[in-house]
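S.K.: pasting the sequence and the predicted model now:
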Amino acid sequence: CFSALCLMCGFDTEIVSVSDEECVYLDACAAPGNKTSHLAALVHEKNSSGKRGAGNFSVVHALDKSADRYKLLKRRMGELVPQEIVKCHNLDFLETTGTETSKKSKQADTKGSKNNIDNTTFQKVRAILLDPSCSGSGMTTNHTEKSVSRDPFFCDDRIKSLSDFQYKALLHATTNFPSVNRVVYSTCSLYFQENEGVVKRVLEATGGEWKLVAPKCLDSWQRRGLVMEDEDESGEEGANIDPMPSPHNGLTPDQAKCCIRVDPNHDATNGFFVACLERKNDNVKKRKAHSTWKAPIANLPGGLELYRNEFDHSHKEGNAANEEGNVATKGPVISVKDEETNAPKRGKRKAEAIVSSEKSSNSGLSSKKRAKKLEWKRQQRLKKEERLKRKQAKET
């Protein structure tokens, strides 16, 4: 999970608690708990690496508004992580603040709800992981090729509504928690308006109080944020979308380089977006990061050679991956034109990597498994397309 990794290992400094008590992380939209469990594992590593107390012990508070999803979240966390590390709460993030007790929290207190926590806990929150509801356009396993647009600048009424909610949630995270000095925003959407567009709006609304930071743990990941291009006065580029409520319609190239994008068409996985925000004038104490997390560089399963070791951020001379020329350098901002121009080259590189993998003596079994899985996914897409056709036929 890129977002949890970036929150814990993506910044130059490591956060500590406001006082000499526990350091609090907040997963704002936690259910079903995939990112929460990863964040909890990284927090557990941090707790194990130092002495408990004096700001060394960290906990994660996971929120979800839906009662049903909260039950699922709590059950999963009970099975996967120590309860002293993750505390689950059936609360609406937008009604929770780090400054004063929310209305819902007061009501819950009067009823004696065990799911509610005292407002002082939110005042201790130092970092927020925000992965709000989105279009899910990057989730290739949930869509057929024709059921969702792959155009990153696609926008309709649903996307506008989602981006407004995402903007509201990210603005809430950056303005209503005074002790928070970093926020990681992520979606599984491909669309500019849900990703760079939301980040741009929040940066402007907060008046320069926050800045984008390139996550050091993904320093060699090549695909970065999108930048709106102005073709000419006719506006052919991005002509099908309404302009964002911003004078520049997007991030600057330097800001976009701080954002991480994953493209399902070229990266052999689901689409994803991550942006790391850090408060500029942070007076709360910090210390140099000392995470023991390291990128895997050897004994990788067959197929991971497609990534060309983007997770390796050591860049040490004499490294075996560097000697083979497999470590990717930090690439430029990816624009729509770059996507169209470079797609055939990336496709060729991917094909060559697959061929080389199949030739290796140890990858025969994994190649068969991948082929079987791809065939199963293809059959599922065909079945879904057939169901959609029958549904459309009934409606007409």
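M.R.: Okay, I see it.
S.K.: what's the end-to-end length of stretch 250-270?
M.R.: For stretch 250-270, the separation between the terminal residues is 24 Å (C-alpha to C-alpha, to the nearest Å).
S.K.: what do you get for stretch 171-185?
M.R.: 11 Å.
S.K.: what do you get for stretch 204-216?
M.R.: End-to-end distance of stretch 204-216: 24 Å, with C-alpha to C-alpha as the criterion.
S.K.: please apply the same query to stretch 215-224.
M.R.: From its first residue to its last, stretch 215-224 covers 11 Å (C-alpha to C-alpha).
S.K.: all strands for the protein, in order.
M.R.: Ranges of strands in the chain, per DSSP state E, are 13-15, 23-27, 58-63, 86-89, 125-130, 182-187, 210-213, 260-262, 272-279, 286-288.
S.K.: among those, which is nearest residue 33?
M.R.: Closest approach to residue 33 among the strands of the chain is made by strand 58-63 (7.1 Å; C-beta to C-beta). Every C-beta, even on glycine, is put in place using the N, C-alpha and C of the backbone.
S.K.: what is the lengthiest helix in the chain packed up against?
M.R.: Longest helix in the chain by number of residues (criterion: DSSP state H): helix 364-395. If contacts are counted by 3 or more C-beta pairs under 8 Å, 6 or more residues apart in numbering; DSSP states H and E, helix 364-395 sits against helix 336-359.
S.K.: quick one: mean pLDDT over the helix it packs on.
M.R.: In this model, helix 336-359 has a mean pLDDT of 44.
S.K.: do stretch 176-188 as well
M.R.: So the average pLDDT for stretch 176-188 ends up being 94.
S.K.: quick one: end-to-end distance for it.
M.R.: End-to-end for stretch 176-188, by C-alpha to C-alpha: 25 Å.
S.K.: least reliable of the strands of the chain going by mean pLDDT?
M.R.: Across the strands of the chain, strand 286-288 has the smallest mean pLDDT, namely a mean of 51.
S.K.: can you count the residues close to residue 130?
M.R.: Close neighbours of residue 130, defined as other C-beta atoms under 10 Å, add up to 24.
S.K.: one more: residue 228?
M.R.: Residue 228, neighbours per other C-beta under 10 Å, totals 22.
S.K.: from residue 258, how far off is the closest residue to it other than its chain neighbours?
M.R.: In space, and not counting its chain neighbours, residue 228 is closest to residue 250: 4.0 Å by C-beta to C-beta, 6 or more residues apart in numbering. Distance, residue 250 to residue 258, by C-beta to C-beta, to the nearest Å: 13 Å.
S.K.: for this protein, give me the ranges with low pLDDT.
M.R.: For the chain, residues meeting the criterion pLDDT under 70 lie at 15-22, 50-56, 100-119, 142-146, 229-249, 282-366.
S.K.: cutoff 80 now
M.R.: Within the chain, the stretches with pLDDT under 80 are 1, 13-22, 49-56, 99-121, 141-147, 228-249, 281-371, 395-396.
S.K.: from residue 12, how far out is the residue nearest to residue 228?
M.R.: Applying C-beta to C-beta to residue 250 and residue 12 gives a distance of 26 Å.
S.K.: which one's more surrounded, those two?
M.R.: More crowded of residue 250 and residue 12, by other C-beta under 10 Å: residue 250, with 22 against 10.
S.K.: and the more buried one, what does it touch?
M.R.: By C-beta atoms under 8 Å, 6 or more residues apart in numbering, the residues touching residue 250 are 192, 196, 197, 200, 226, 227, 228, 244, 256.
S.K.: what about it, distance to residue 193?
M.R.: 10 Å.
S.K.: ok, now residue 32?
M.R.: Using C-beta to C-beta, we find residue 32 at a distance of 25 Å from residue 193.
S.K.: equivalent analysis for residue 3, please.
M.R.: Noted for residue 3: a distance of 19 Å to residue 193, by C-beta to C-beta.
S.K.: correct me, but residue 7 touches residue 126?
M.R.: No - shown here, residue 7 and residue 126 do not form a contact pair, counting by C-beta atoms under 8 Å, at 10.4 Å.
S.K.: overlap in contacts of the two?
M.R.: Joint contacts of residue 7 and residue 126 (C-beta under 8 Å, 6+ apart) are 25, 182.
S.K.: neighbour-wise, which of those two wins?
M.R.: Between residue 7 and residue 126, residue 7 has the larger neighbour count (other C-beta under 10 Å), namely 30 against 23.
S.K.: contacts for stretch 64-82 next, please.
M.R.: Stretch 64-82 has contacts (C-beta under 8 Å, 6+ apart) with 29-33, 36-37, 40-41, 44, 62, 83, 86, 88-93, 115.
S.K.: out of those residues, which are buried?
M.R.: 29-31, 33, 36-37, 40-41, 44, 62, 86, 88-93 (16 or more other C-beta atoms under 10 Å).
S.K.: narrow these to those in helices?
M.R.: The helices, defined by DSSP H, take in 36, 37, 40, 41, 44 from these.
S.K.: dump those residues into CSV; add distance to residue 263 as well.
M.R.: Output for those, formatted as CSV (distance: C-beta to C-beta, whole Å):
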residue, distance to residue 263
36, 26
37, 25
40, 29
41, 27
44, 32
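S.K.: from these, which is closest to residue 215?
M.R.: Using C-beta to C-beta, residue 41 is the member of those that lies nearest residue 215, at 17.6 Å.
S.K.: what's the burial count for the closest residue in space to that closest one that isn't next to it in sequence?
M.R.: What sits nearest to residue 41 in space, not counting adjacent residues and going by C-beta to C-beta, 6+ apart, is residue 81, at 7.2 Å. If you count neighbours by other C-beta under 10 Å, residue 81 ends up with 21.
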